[in-house]
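Enquirer: my questions concern the predicted model and sequence given below.
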Amino acid sequence: MNQIRSEILDYYSNLVNQIDIISEKAIKFFKTEAIVHQINSARDKIISKIKEIEQIKLKNLKPSDSIYDGLFCFFIPKNTFSFLDFKTDLESNFPKYLDFEFEFRNDIGLLVILNNNLNKKFVDKLIGRHESAKSEKLELDQVMWVFDTYEECAKFSVISQLINAKKDDFIVDLSEIENNQMVKLDLTFESHFKKNTEILSAIKSCLNVDSIRDLKYNSCDYKIQNNVFQLFKNLTMLTINLRSLESLEKDVFNGLRNLVILKFSNTNFLCEPEAFRTLRGLKTLILDRVTIRNVDIFKDLPGVKKLVLKECSLLDFQMETFNGLKSLESLKISNSRFEQINQRGFNGFKCLKSLESDYYPSIFLIDK
């Protein structure tokens with residue numbers, strides 16, 4: 001108990017000293033009265049918050065606790081001004097292709113407050129000082145080496161985006177999940193997940209998922225588990241880029257009643273005929289560089305008003321599958337390849353107002 005207590009006291013004492021040093025360097029650099037006042041005001045508030053968290057930690061300390069468990073704060077210094085000595089160190093010790101830096105409008109940086117079970121490696125990565133980055137040049141796919149689990153990778157991605165969303169403040173309080181809101185979330189992983197659901201518990205532990213309206217999901221997964229997106233019940237736009245995807249099952253999109261726009265890109269998959277049947281609110285479907293080996297999916301989209309096929313390949317294409325697009329008003333087909341087009345049974349588009357296509361309009365039963 002005494003050891004962890006001493007670690008807490010040392011950590012927060014050093015953190016206060018760091019704030020003081022950075023603030024003094026900033027004051028010496030800027031000199032103008034208005035900015036000096038702004039820096040001192042920010043410094044006082046940041047230090048006051050640090051001491052408040054220190055007291056809470058000490059009051060609620062348990063023998064099994066780590067300094068990184070529960071309520072915890074750390075400082076991310078602004079590294080764009082020459083008065084900060086560690087600018088060069090930060091830039092040289094981290095791979096250029098990893099987006100680890102944060103840009104702030106305030107003058108010294110920001111204090112981040114979390115209420116999660118973390119570890120030193122995770123925090124150092126957020127600050128941009130992970131020691132493993134000093135060693136050798138890393139391939140993009142090796143970004144996962146930084147973390148012990150896939151859950152940590154997902155958590156890091158979400159927390160980084162939350163910090164960026166609030167980066168104009170000098171105190172970013174992420175300790176209350178219900179207040180951690182974003183409209184857009186980008187989940188990009190250069191690795192396979194054994195289960196997509198592995199990331200969901202991590203996301204829920206630090207983000208109010210009900211706030212997400214626009215989700216981008218990009219990974220090397222070959223399969224999406226059923227019901228995986230139902231956590232994001234308020235989604236209106238979903239973009240999926242899974243270059244290794246092999247199949248799309250019928251219950252993948254369960255729970256997305258509010259989804260309006262769905263975009264697939266850079267993938268080749270066999271799609272279950274009823275994969276889109278639950279997307280009753282869908283209005284726009286965009287397929288970009290997609291090879292589809294079962295085009296019956298179009299039969300279950302009566303509410304779609306816009307369909308875009310860009311650089312797509314559709315095998316053994318039966319035009320009658322378009323009969324399910326009863327509300328289609330806009331159709332755009334560009335640089336796409338149909339191995340075989342069979343017009344038999346096709347009724348034409350009754351509501352179509354706009355057509356952009358590399359193919360003759362007569363194929364769609366439309367006069368030139």
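Expert: That came through fine.
Enquirer: least trustworthy helix or strand in the chain by mean pLDDT?
Expert: Least confident helix or strand of the chain, by mean pLDDT, DSSP states H and E, is helix 87-92 with a mean of 37.
Enquirer: and residue 299, which of the three is it?
Expert: Classification of residue 299 using DSSP: H, G, I helix; E, B strand; the rest coil returns helix.
Enquirer: neighbours around it, how many?
Expert: Counted with other C-beta atoms under 10 Å, the neighbours of residue 299 add up to 17. Any C-beta I mention is one placed from the backbone N, CA and C, and that applies to glycine too.
Enquirer: now do the one 5 residues further on
Expert: Other residues near residue 304 number 22, with proximity taken as other C-beta under 10 Å.
Enquirer: am I right that residue 161 sits in a helix?
Expert: Yes. Under three-state DSSP, residue 161 sits within a helix.
Enquirer: how about stretch 214-234: buried residues?
Expert: Buried residues in stretch 214-234, defined by neighbour count with 16 or more other C-beta atoms under 10 Å: 214-219, 221, 223-225, 228-232.
Enquirer: quick one: end-to-end distance for it.
Expert: 9 Å (C-alpha to C-alpha, to the nearest Å).
Enquirer: now do the contacts for residue 58.
Expert: Going by C-beta atoms under 8 Å, 6 or more residues apart in numbering, residue 58 touches 5, 8, 9.
Enquirer: please read the previous query as pertaining to residue 60.
Expert: Here residue 60 is in contact with residue 70 (C-beta under 8 Å, 6+ apart).
Enquirer: among the buried residues of stretch 214-234, which two are most distant?
Expert: 214 and 223 (23.4 Å; C-beta to C-beta).
Enquirer: how does this structure divide into domains?
Expert: 1-174, 213-368 (automatic domain parsing).
Enquirer: please report the distance of residue 229 from residue 185.
Expert: For residue 229, the distance to residue 185 (C-beta to C-beta, to the nearest Å) stands at 12 Å.
Enquirer: anything in contact with each of these two?
Expert: Common neighbours of residue 229 and residue 185, using C-beta under 8 Å, 6+ apart, are residue 215.
Enquirer: contacts for stretch 46-54, please.
Expert: Under the criterion C-beta under 8 Å, 6+ apart, residues 8-9, 12, 15-16, 19-20, 71-73, 75, 111, 113, 170-171 lie in contact with stretch 46-54.
Enquirer: for this structure, which strand is longest?
Expert: Assignment by DSSP state E gives strand 261-271 as the longest strand of the chain.
Enquirer: what is the subsequent helix or strand relative to that strand?
Expert: Using DSSP states H and E, the helix or strand that follows strand 261-271 in sequence is strand 284-292.
Enquirer: dump the helix or strand following that following strand to PDB, restricted to CA.
Expert: Scanning forward in sequence from strand 284-292 by DSSP H and E, the next helix or strand is strand 306-310. C-alpha atoms of strand 306-310 as PDB (Å, rounded to 0.1, in the frame of the first residue of the first chain):
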ATOM      1  CA  LYS A 306     -29.900   6.000 -55.000                       C
ATOM      2  CA  LEU A 307     -27.600   3.200 -56.200                       C
ATOM      3  CA  VAL A 308     -24.000   3.700 -57.100                       C
ATOM      4  CA  LEU A 309     -21.800   1.000 -58.700                       C
ATOM      5  CA  LYS A 310     -18.200   2.200 -59.200                       C
END
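Enquirer: buried ones in strand 306-310?
Expert: 306, 307, 308, 309.
Enquirer: any of the contacts of residue 58 buried? List them.
Expert: Using 16+ other C-beta under 10 Å, the buried ones in the contacts of residue 58 are residue 8.
Enquirer: from the contacts of residue 58, which single one is nearest residue 352?
Expert: residue 8 (66.8 Å).
Enquirer: show me what secondary structure element comes after the strand or helix carrying the closest one.
Expert: Remark: residue 8 resides in helix 2-30, with elements defined by DSSP H and E. Counting by DSSP H and E, the next helix or strand C-terminal to helix 2-30 is helix 33-59.
Enquirer: tilt between that next one and helix 2-30?
Expert: Going by axes from the mean of the first three to the mean of the last three C-alpha atoms, to 10 degrees, helix 33-59 is angled at 180 degrees with respect to helix 2-30.
Enquirer: so what's the gap between helix 33-59 and the chain middle?
Expert: In terms of C-alpha atoms, centre = their mean, to the nearest Å, the centre of helix 33-59 is set 30 Å apart from its chain centre.
Enquirer: buried residues, it. List them.
Expert: Those would be 36, 38, 39, 42, 43, 46, 47, 49, 50, 53, 54, 57, for helix 33-59 by 16+ other C-beta under 10 Å.
Enquirer: is it true that the fourth one touches residue 108?
Expert: When you say that, I think you mean residue 42. Yes. The pair residue 42 and residue 108 passes the contact test of C-beta atoms under 8 Å, sitting 6.4 Å apart.
Enquirer: what do those two both touch?
Expert: What both residue 42 and residue 108 touch, as defined by C-beta under 8 Å, 6+ apart, is the set 23, 170.
Enquirer: just to revisit the earlier point, list just the nearest of the contacts of residue 58 to residue 152.
Expert: Out of the contacts of residue 58, the member with the shortest distance to residue 152 (by C-beta to C-beta) is residue 8, at 22.7 Å.
Enquirer: and residue 165, what pLDDT?
Expert: If you check residue 165, the pLDDT there is 87.
Enquirer: for it, which non-adjacent residue is spatially closest?
Expert: Nearest residue to residue 165, sequence neighbours excluded (C-beta to C-beta, 6 or more residues apart in numbering): residue 182, at 5.3 Å.
Enquirer: could you measure from that neighbour over to residue 38?
Expert: From residue 182 over to residue 38 (counting by C-beta to C-beta), the distance is 27 Å.
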